[in-house]
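Participant: whatever this is, show me its structure:
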Amino acid sequence: MKSFIPVISIVGKSNTGKTTLIEKLIPELVKRGYRVATIKHHLHDFDIDVEGKDSWRHRQAGARATIVATPRKVALIEDVEEDFSIEVLRERYVHDVDLILTEGFKGNPHPKIEIYRAVLKRELLCGPEDNLLALASDTPLKIGVPCLDINDTRGLVDLIEATVLKK
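Facilitator: Numbers count the residues shown, from 1 in each chain. The predicted structure is shown next:
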């Protein structure tokens, strides 16, 4: 039986720095001994197949799924009928990690860290009722959850450890 892998979603409006924050959180988590996976939600299609390459040719011939395997990496390209939830993605594809960081998936029930930048003058996406764990912000805000400086990577990871990983 697979063990439960906790999820934290990094959410925020466009161009707030979600990817940048994830890039900062991962090395701090790894430094502390955690194995991390990420799931990026994208509303548009994408393709990692390169026209003319073997995997592309297999898919053009009608393969529903193609796996490219090397001694160091494995990639799966699979046609799906629906937009999978985090739970389905975790169960099907993620293993041997201590934490999954997701980017996007605003409406999910998992704990969230929302990024807020005052200069963008946008409303927050989440409140405490949305399982908001914290705000990572460039300005102090009081909405009932911790508000940490957007550059306080160690503080954010301390909070992740205390609330999600050390439970």
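
Participant: please make it C-alpha for all contacts and neighbour counts, starting now.
Facilitator: Will do.

Participant: tell me how far the ends of stretch 30-41 are from each other?
Facilitator: Start and end residues of stretch 30-41 are separated by 22 Å (Cα to Cα, to the nearest Å).

Participant: ok, now stretch 111-130?
Facilitator: For stretch 111-130, the end-to-end distance is 8 Å (Cα to Cα).

Participant: how about that stretch: buried residues?
Facilitator: By neighbour count on 16 or more other Cα atoms under 10 Å, the buried set for stretch 111-130 is 111, 112, 113, 114, 115, 116, 117, 126, 127.

Participant: quick one: low-confidence parts of this protein?
Facilitator: 1-3, 43-47, 167 (pLDDT under 70).

Participant: need the helices for it, in chain order.
Facilitator: 18-31, 54-60, 86-93, 153-160 (DSSP state H).

Participant: turn those into TSV, including distance to residue 9 and mean neighbour count.
Facilitator: Putting the helices of the chain into TSV (distance: least, Cα to Cα, whole Å; neighbours: other Cα atoms under 10 Å) gives the following:
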stretch	distance to residue 9	mean neighbour count
helix 18-31	10	16
helix 54-60	31	15
helix 86-93	10	13
helix 153-160	11	18
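
Participant: redo these as TSV? Include distance to residue 40.
Facilitator: Shown next, in TSV, are those (distance: least, Cα to Cα, whole Å):
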stretch	distance to residue 40
helix 18-31	9
helix 54-60	22
helix 86-93	10
helix 153-160	19
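
Participant: residue 11: which of those helices is closest?
Facilitator: For those, the distance to residue 11 is smallest for helix 18-31, at 6.6 Å, taking Cα to Cα.

Participant: any idea of the angle that closest one forms with helix 153-160?
Facilitator: 70 degrees (axes from the mean of the first three to the mean of the last three Cα atoms, to 10 degrees).

Participant: any idea how far helix 18-31 is from the middle of the chain?
Facilitator: How far helix 18-31 lies from its chain's middle: 11 Å, per Cα atoms, centre = their mean, to the nearest Å.

Participant: and stretch 60-67, by the same measure?
Facilitator: Stretch 60-67 has its C-alpha centroid displaced from the chain centroid by 27 Å (Cα atoms, centre = their mean).
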